[in-house]
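Visitor: Here's a sequence, model it:
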Amino acid sequence: MTTYATTGTCGVSGTCNYLATDTGCGSNQTCVGVGTCSMCKTDASCGASCTACTGGTPKCKDLGTTSQCVACLSNADCGSTAPVCNTSTNVCGPQPSCVGLAATCGPNGNVSCCASNLVPGIATPSFYRSYDGVTAGYTSQAFPAQVGDFRLDNYEITVGRFRKFVAAYSQNMIPAGAGKNPNNSTDTGWNTAWNTSLAATPGVLTSALKCHASQTWTDAAGSAATESVAINCITWFEAEAFCIWDGGRLPTEAEWNYAAAGGSQQRIYPWGSATPNCTYANYAAQLNGVDYCVVKFGVNRVGSESPTGDGLYGQSDLAGNVWEWGQDWYSAQYMTPCINCSYAFPASLRMIRGGGSDSGLDPLHVSFRNGDTPPARSYGYGARCARNR
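Guide: Numbers count the residues shown, from 1 in each chain. As a prediction, the model looks like this:
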């Protein structure tokens with residue numbers, strides 16, 4: 001940097017000249033103007049040598065008086081194989097819900113319960129929400145949307161994965177702003193005002209999970225089959241907290257609808273147009289007035305109907321098994337325009353989609369919409385998580 005003497009000397013032309021002294025900026029600083037040094041704390045200029053962060057440490061972490069290149073600052077900096085940023089070590093790692101968890105999901109019980117697939121988005125607002133062009137009542141193209149690329153878990157949250165969450169649980173475990181959707185600049189992430197809507201202790205939480213005779217939670221871990229059943233009896237707050245803790249977030253309604261519809265294919269059901277039966281979905285199918293898919297209210301092991309009932313992008317149980325909480329507040333009218341939107345205006349209900357094991361045929365339609373109050377707890381309510389690309 002350059003500094004100048006406080007007094008000067010008169011030149012022959014009547015000008016006043018001040019003696020200039022050039023001094024190098026200190027470690028972790030760069031000159032940003034005459035007499036001004038500033039700490040290097042950007043990805044392009046970081047650390048003691050003020051050089052760009054590259055390779056395995058592409059992000060610059062501000063340490064107050066110094067800075068350091070690190071692997072990640074948030075989950076948005078991590079990839080699909082190690083999607084969670086440990087903000088203490090600034091290293092990307094696996095989803096905590098599947099650390100040490102056996103691969104017990106899918107039709108043969110041998111697939112990772114944390115598998116997720118890319119859902120390639122659409123670059124123009126040309127996907128029509130709640131439209132399939134065929135089914136009576138769902139033929140309007142009045143609600144176009146644009147959806148960016150994202151990942152959506154192949155399976156609903158299982159009992160075994162939720163057990164990991166309970167083991168790590170505290171009421172204030174989710175930091176403010178965590179879980180922001182990188183495709184949506186208006187998403188503010190977790191609001192710590194929601195903490196009071198979470199159970200005070202793990203014990204209070206597990207007691208609340210016993211909301212019905214057909215609850216899937218058990219205090220003691222069970223067999224591989226029972227641990228890979230979808231968790232039910234969870235509230236919106238618990239679903240959102242779980243997904244954020246696990247390196248993701250709840251999907252927006254537009255994202256969920258897009259994935260279940262097979263994008264621009266605008267499918268009637270996640271698997272296509274074939275009439276549902278028990279090989280496609282776990283729902284209240286009836287023969288002569290008797291439920292025959294499962295015992296009524298029975299929740300299946302996730303992926304039991306795979307691949308027959310899978311969506312275009314590989315997600316199972318998008319219809320039936322458990323209703324899935326989503327990020328949006330529920331409104332009778334869709335938010336328009338919608339470019340990676342979520343309905344963020346507080347209302348009384350949050351979105352739930354997909355139908356459950358006790359649902360009839362209509363809720364299995366991709367276009368079917370429903371909502372409930374965020375603290376609602378039901379044997380029919382579960383969730384799946386969305387993740388950054």
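
Visitor: C-alpha from now on. contacts and neighbour counts both.
Guide: OK.

Visitor: now stretch 134-141: mean pLDDT?
Guide: The average pLDDT for stretch 134-141 rounds to 84.

Visitor: Measure how far it is from the centre of its chain, please.
Guide: Chain-centre distance of stretch 134-141: 29 Å, with CA atoms, centre = their mean, to the nearest Å.

Visitor: Buried residues in it, which are they?
Guide: Across stretch 134-141, burial judged by 16 or more other CA atoms under 10 Å covers Tyr138.

Visitor: how close does the residue positioned nearest the centre of the chain get to Trp323?
Guide: The residue lying closest to the centre of the chain (CA atoms, centre = their mean) is Arg249, at 2.0 Å. Applying CA to CA, to the nearest Å, the value for Arg249 to Trp323 is 16 Å.

Visitor: repeat for Val134
Guide: In this view, Val134 and Trp323 are 23 Å apart by CA to CA.

Visitor: and the end-to-end length of stretch 72-81?
Guide: 14 Å.

Visitor: what does stretch 278-285 give?
Guide: Start-to-end span of stretch 278-285 (CA to CA) is 7 Å.

Visitor: again, but for stretch 314-324
Guide: Start to finish, the residues bounding stretch 314-324 are 17 Å apart (CA to CA).

Visitor: And this structure, split by domain according to the record?
Guide: 2-70, 99-389 (automatic domain parsing).

Visitor: Identify whichever of the ones you listed lies nearest to Thr89.
Guide: Closest approach to Thr89 among the domains of the chain (CA to CA): domain 2-70, 8.6 Å.

Visitor: Could I get the average pLDDT for the closest one?
Guide: 85.

Visitor: quick one: low-confidence ranges for the chain?
Guide: For the chain, the stretches flagged by pLDDT under 70 are 1-3, 5, 21-22, 34-35, 286-292, 294-297.

Visitor: Now find how far off-centre stretch 18-33 is within its chain.
Guide: Computed by CA atoms, centre = their mean, the chain-centroid distance of stretch 18-33 equals 46 Å.

Visitor: Stretch 49-66 too?
Guide: That offset, for stretch 49-66, works out to 27 Å (CA atoms, centre = their mean).

Visitor: gap between the two ends of it?
Guide: Start-to-end span of stretch 49-66 (CA to CA) is 11 Å.

Visitor: same question, stretch 30-40
Guide: With CA to CA as the measure, stretch 30-40 spans 6 Å from end to end.

Visitor: same question, stretch 301-320
Guide: 12 Å.

Visitor: what comes up buried for it?
Guide: If you call a residue buried by 16+ other CA under 10 Å, then stretch 301-320 has these buried ones: 301-320.

Visitor: do the same with stretch 330-340
Guide: Residues Tyr330, Ser331, Tyr334, Met335, Cys338, Ile339, Asn340 are the ones in stretch 330-340 that count as buried (16+ other CA under 10 Å).

Visitor: Show the residue spans covered by the helices in the stretch 151-300 of the chain.
Guide: For the stretch 151-300 of the chain, helices defined by DSSP state H, counting those that start in this stretch occupy the ranges 159-168, 202-208, 224-227, 236-245, 253-260.

Visitor: Tell me the helices and strands packed up against the third one.
Guide: So that's helix 224-227. Helices and strands touching helix 224-227, by 3 or more CA pairs under 8 Å, 6 or more residues apart in numbering; DSSP states H and E, are helix 159-168.

Visitor: Quick one: list the elements packing against the helix it packs on.
Guide: Packing contacts for helix 159-168, counted by 3+ CA pairs under 8 Å, 6+ apart, involve helix 202-208, helix 224-227, helix 236-245.

Visitor: Could you say which of those is packed most deeply?
Guide: Using mean count of other CA atoms under 10 Å, the stretch among the helices and strands packed on helix 159-168 with the largest mean neighbour count is helix 236-245, at a mean of 24.

Visitor: Contacts only, for Leu312.
Guide: Ala259, Ala260, Ala261, Gly262, Pro270, Trp271 (CA atoms under 8 Å, 6 or more residues apart in numbering).

Visitor: Now with 6 Å, please.
Guide: Contacts for Leu312 (CA atoms under 6 Å, 6 or more residues apart in numbering) come out as Gly262.

Visitor: From Ala44, how far off is it?
Guide: Between Leu312 and Ala44 the computed distance is 40 Å (CA to CA).

Visitor: now Tyr313
Guide: 37 Å.

Visitor: Pro144 too?
Guide: Pro144 is 39 Å from Ala44, where distance means CA to CA.

Visitor: what about these two, which has more around it?
Guide: Taking neighbours as other CA atoms under 10 Å, Pro144 and Ala44 compare with Pro144 leading, 21 against 14.

Visitor: ok, that one - contacts?
Guide: Contacts of Pro144 by CA under 6 Å, 6+ apart are Pro125, Ser126, Phe127, Tyr128.

Visitor: Distance to Leu152 for those - can I get that in a markdown table?
Guide: Listed next are those as a markdown table, based on distance: CA to CA, whole Å:
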| residue | distance to Leu152 |
| --- | --- |
| Pro125 | 20 |
| Ser126 | 20 |
| Phe127 | 18 |
| Tyr128 | 19 |
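
Visitor: Any of the residues you listed buried? List them.
Guide: Buried among the contacts of Pro144 (16+ other CA under 10 Å): Phe127, Tyr128.

Visitor: so Asp246 sits right up against Cys98, yeah?
Guide: No: counting by CA atoms under 6 Å, Cys98 is not a contact partner of Asp246; they are 8.9 Å apart.

Visitor: Looking only at neighbour counts, state which of those two leads.
Guide: The residue with more neighbours, out of Asp246 and Cys98, is Asp246; 25 against 19, by other CA under 10 Å.

Visitor: contacting residues for that one?
Guide: Asp246 makes contact with Gln95, Pro96 under the criterion CA under 6 Å, 6+ apart.

Visitor: and if you look at Ala82?
Guide: Cys92, Gly93, Pro94.

Visitor: Highest neighbour count among those?
Guide: Neighbour counts for those peak at Cys92, which has 21 neighbours (criterion: other CA under 10 Å).
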